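Peer 1: Here is a sequence together with a model predicted from it:
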Amino acid sequence: MPPPEPLTTKGKLPTSQPDQLAITVVAAWPDRVWQKQVYVPAGSVIIDALHAAQVEQVFPDTGAAELPVGIYGQQRSAQHPLAHGDRIEIYRPLVFDPMESRRRRARHRQNKRG
């Protein structure tokens with residue numbers, strides 16, 4: 001696997017091999033961001049790039065196939081085909097139920113009003 005090449009001005013990863021796809025895998029936490037650039041063969045799917053990025057070592061408690069992922073903010077399955085320059089985003093599980101949080105805020109506002 002060749003070393004990662006820098007991002008171009010258009011945000012796409014260059015590659016010198018036409019049969020290789022340059023892919024960026026990212027994950028974010030409130031206090032840090034993890035990012036790895038990998039090269040996978042043309043025709044690869046998301047799970048192939050996750051394995052190439054060694055995601056199992058970064059997230060040892062969860063199998064790479066079980067992680068919710070997406071490409072540029074659009075949730076995708078692990079079997080979704082990749083295109084050159086894709087950014088795979090690994091999504092963290094929600095800490096709380098958004099609907100329950102909304103209900104609590106509404107109750108709080110209602111109690112403040114009297």
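Peer 2: Everything's here; your move.
Peer 1: where does this structure have low pLDDT?
Peer 2: Where the chain drops to pLDDT under 70, the residues are 1-16, 64-65, 114.
Peer 1: can you tell me which helix in the chain is longest?
Peer 2: In terms of residue count, the longest helix belonging to the chain (DSSP state H) is helix 98-113.
Peer 1: Next, the contact list for the spatially most central residue of the chain, please.
Peer 2: Residue closest to the mean C-alpha point of the chain, counted by C-alpha atoms, centre = their mean, is residue 89 at 1.2 Å. Residue 89 is in contact with 26-27, 69-73, counting by C-beta atoms under 8 Å, 6 or more residues apart in numbering. In this view, the C-beta of every residue, glycine as well, is placed from N, C-alpha and C.
Peer 1: now do 6 Å
Peer 2: Counting by C-beta atoms under 6 Å, 6 or more residues apart in numbering, residue 89 touches 26, 70.
Peer 1: Just list whatever residues bridge to it.
Peer 2: Note on residue 89: beta-bridge partners by DSSP bridges are residue 26, residue 70.
Peer 1: distance of it from residue 99?
Peer 2: 23 Å (C-beta to C-beta, to the nearest Å).
Peer 1: about what we covered before: packing partners of the longest helix of the chain?
Peer 2: Helix 98-113 sits against no helix or strand, with contacts defined as 3 or more C-beta pairs under 6 Å, 6 or more residues apart in numbering; DSSP states H and E.
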